[in-house]
Structure formats: C-alpha cells, structure tokens
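Asker: here is a sequence together with a model predicted from it:
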Amino acid sequence: MTKLSVNINKIATIRNARGGDVPNVVQIAIDCERFGADGITIHPRPDERHITTKDVYDLKKVVATEFNIEGYPDERFIKIISEVVPQQATLVPDPPHVLTSNAGWDTKKNLDLLTDLAQQCKSLGIRSSLFVDTNLENIEYAAKSGVDRIELYTGPFAEYFQSNPTLAVKQYAEASKFAHELGLGVNAGHDLSLENLAFFRKNLAYLDEVSIGHALIADALYFGLENTIQQYKRLLE
C-alpha cells in the first residue's frame, strides 16, 4: 500500500494570515496522524510564509509517524535537518523566491552537490529523496548520487489528466519502473487530488509514498479533515 504523507504548509498559511495560533499547526499534525496519515510533510522556507523554523522544532516533538522535511538544501536547511533529524529529507531545487516547487533537479549537472548531500543525510540516518521529473537521465543520475528515493513532480500529470489521462501517466509509469530497477524508492507529489490519485496509483507499479497538501486541505473545507484523509487513504489501497 502506498503511504500518505499530509503536507500541512497550508494550515500554517491560514494561521499566519491572521497571526496568533489558530489553526494550531502542531495539533493539526497530531490529528492528521490520528485520522490515518502515514506521515507529515513540511517545507520550511526562509521567508517563513507558512511553516516557521519554530514550527519545525515543535513538530519534531509530536510527530509519531514519518516526518518529511522538504527544502532547498542551503546552509539553513542543512542545519535544520541536522538538528531535527527527520525520517526523510526531500531535496528540492527551487530557490527561496518561487511560489511553489515546480521543477525537478538536473541531477547530471548537480551530481557532485547531490552526492555530497546524500552522504550527509546517510551519516545522519536520514532517508534522502530528490525532487525530479520523469526524464530517465535525471533518474539515472539520482541513483548515481546515492540518494535513497526520488519524488516525481506530478504537476504535468495533473495538468493533462483531464484531457488525456493515459498519456498523462505514461511517462510516470515508465519512470517509476526505471527507478525501481536502479534500486530507488519512488515518492510523488504536486497537485495530486481526489480526482486523479486513484488513476495515478493504479498505473504505477512502484509507488512508496505520496505527499499531498493543497488539494487535501481544500477538500477538508468541504468534507472535514478526518473524512478527507480517509478518502485519500482509500484511493491508495
């Protein structure tokens, strides 16, 4: 069964819009786990537009499932994961000013950097994952870097799903198979939703984990958080 990691960035966005501590990010994380989430994902950006540095350390105290910290691997990010030691660090290539992660690593160009980062994660006992597209060369060089997993950027899949779902998923199916053959675990995330998740999961032979935030939190406004998490979980069975 593919695991569901709930990205709670949007909860922090709502809180920060008003100030104070409502909704409470730590309590939401606890509740997500209680409602069936297999993990909690956060992306603490330098401008603290949603998850703050304080949130990271507060969450470390309570997350009982898998704690996945995403981020651009600058000095600040490395310091955070070195001190917090999450179960998984997902390394993304986006610089601080971008709105959301919207492209994968050029793993061949950045092989030396990524190899060093993979070794740092391994020395800390952290599973490493690289945010990549479906380009097979990028996946090949991800394996050469020594990381444990890749996270497939599913933005293009979600964009073309409505018009041609079979074509939209084709490269992802090939990418997951190729990654598995190279010994890499396979995660996925970005714009996965109740509408497209089951189809995506059905067509990938290998899929360890999905990280879903924006769509899941939006759905929770209508269905409630517990019911929404259970709906997503059922689609992954």
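Answerer: Sure, I can see it.
Asker: number of residues surrounding residue 18?
Answerer: 9 (other CB atoms under 10 Å). C-beta: built from backbone N, CA, C; applies to glycine.
Asker: next, it: phi, psi?
Answerer: phi -110, psi -20 (degrees, to the nearest 10).
Asker: which stretch of helix or strand covers the closest residue to residue 132 other than its chain neighbours?
Answerer: Leaving aside its chain neighbours, residue 132 sits nearest to residue 104 (3.8 Å; criterion: CB to CB, 6 or more residues apart in numbering). Using DSSP states H and E, residue 104 is not contained in any helix or strand.
Asker: repeat that for the one 10 residues further on.
Answerer: Following DSSP H and E, the helix or strand that holds residue 114 is helix 111-124.
Asker: in CSV, could you pull the C-alpha coordinates for that helix?
Answerer: Coordinates of the C-alpha atoms in helix 111-124 are reproduced here as CSV (Å, rounded to 0.1, in the frame of the first residue of the first chain):
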residue,chain,number,x,y,z
LEU,A,111,25.8,15.3,-9.4
ASP,A,112,28.7,16.4,-7.1
LEU,A,113,26.4,18.5,-4.9
LEU,A,114,23.7,15.9,-4.7
THR,A,115,26.3,13.1,-3.9
ASP,A,116,27.6,15.2,-1.0
LEU,A,117,24.1,15.9,0.3
ALA,A,118,23.2,12.2,0.0
GLN,A,119,26.2,11.3,2.1
GLN,A,120,25.4,13.9,4.7
CYS,A,121,21.9,12.5,5.0
LYS,A,122,23.2,9.0,5.3
SER,A,123,25.6,10.0,8.0
LEU,A,124,22.7,11.4,10.0
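Asker: the very next helix or strand once past it pairs with which strands, parallel or anti?
Answerer: Once the chain leaves helix 111-124, the next helix or strand it forms, by DSSP H and E, is strand 127-132. Counting by DSSP bridges, the strands paired with strand 127-132 are strand 88-91 (parallel), strand 149-153 (parallel).
Asker: give me the below-cutoff pLDDT ranges for this structure.
Answerer: For the chain, applying pLDDT under 70 flags the ranges 95-102.
Asker: got the residue ranges for the strands in it?
Answerer: Secondary structure of the chain (DSSP state E): strands located at 3-7, 39-42, 66-71, 88-91, 127-132, 149-153, 185-189, 209-212.
Asker: got these as a markdown table, with distance to residue 110 and mean neighbour count columns?
Answerer: Output for the strands of the chain, formatted as a markdown table (distance: least, CB to CB, whole Å; neighbours: other CB atoms under 10 Å):
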| stretch | distance to residue 110 | mean neighbour count |
| --- | --- | --- |
| strand 3-7 | 24 | 25 |
| strand 39-42 | 22 | 26 |
| strand 66-71 | 15 | 24 |
| strand 88-91 | 10 | 27 |
| strand 127-132 | 9 | 25 |
| strand 149-153 | 14 | 25 |
| strand 185-189 | 19 | 24 |
| strand 209-212 | 22 | 26 |
